[in-house]
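>>> Task: produce atomic coordinates for the following.
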Amino acid sequence: MGFWNSVSLLNLQDFRPGIRSVAECGDNLVMACMEIVQGREDTGHQHPFEQCGIVVTGKIEMFIGDEHRVLEEMETYFIPAGTVHGWKTSDMPVRLLDVSAKVGIQTGQS
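Below you'll find the model as predicted:
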């Protein structure tokens, strides 16, 4: 598939507890739309590929290395390869459009 009509209306499927998503995978990139329920947290992880994205709806607290931010709709993030990062949702779900390099991706990583 080459087009998504509306990221806010995509039919997402269960990915992990509290996270639903849909993804398109090419030879070198993965584009995923994810929705994370309120009150969830990833305390930190890293991976050997770059990752970036934009908040579509809601808000999310993120950290990338030593930098912490609360991101709201239409705000973006860029995570360099090998940098520890994580996130926390507040009292509302968040929907993200996330893009990462496919090199080194394993099922279940974000």
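>>> Every contact and neighbour count from this point should use C-alpha atoms.
Will do.
>>> any weak-confidence spans in this protein?
Scanning the chain with the threshold set as pLDDT under 70 gives 1, 104-110.
>>> Just give me the residue closest to the centre of it.
With distances taken as Cα atoms, centre = their mean, the chain has residue 98 as the residue nearest its mean C-alpha position (4.6 Å).
>>> Helix or strand: which one has the nearest residue to that residue once chain neighbours are set aside?
Nearest in space to residue 98, with sequence neighbours left out and distances taken as Cα to Cα, 6 or more residues apart in numbering, is residue 53 at 4.2 Å. Mapping residue 53 onto the secondary structure by DSSP states H and E places it in strand 51-57.
>>> next one: residue 70
strand 67-72.
>>> Give the pairing partners of that strand; include direction for each.
Taking DSSP bridges as the criterion, strand 67-72 pairs within the sheet with strand 59-64 (antiparallel).
>>> Same question for the strand it pairs with: list its buried residues.
Of the residues in strand 59-64, those buried by neighbour count under the rule 16 or more other Cα atoms under 10 Å are 59-60, 62-64.
>>> Is residue 81 located within a helix, as I assumed?
No: secondary structure assignment (DSSP: H, G, I helix; E, B strand; the rest coil) places residue 81 in coil, not in a helix.
>>> I figured it was touching residue 48, is that so?
Yes: between residue 81 and residue 48 there is a contact at 5.0 Å, judged by Cα atoms under 8 Å.
>>> give me the number of residues near the residue nearest to residue 28 when sequence neighbours are not counted?
Taking Cα to Cα, 6+ apart, and ignoring the residues beside it in sequence, residue 28 has residue 102 as its nearest neighbour in space, at 4.9 Å. Residue crowding around residue 102 was assessed by other Cα atoms under 10 Å; the count is 18.
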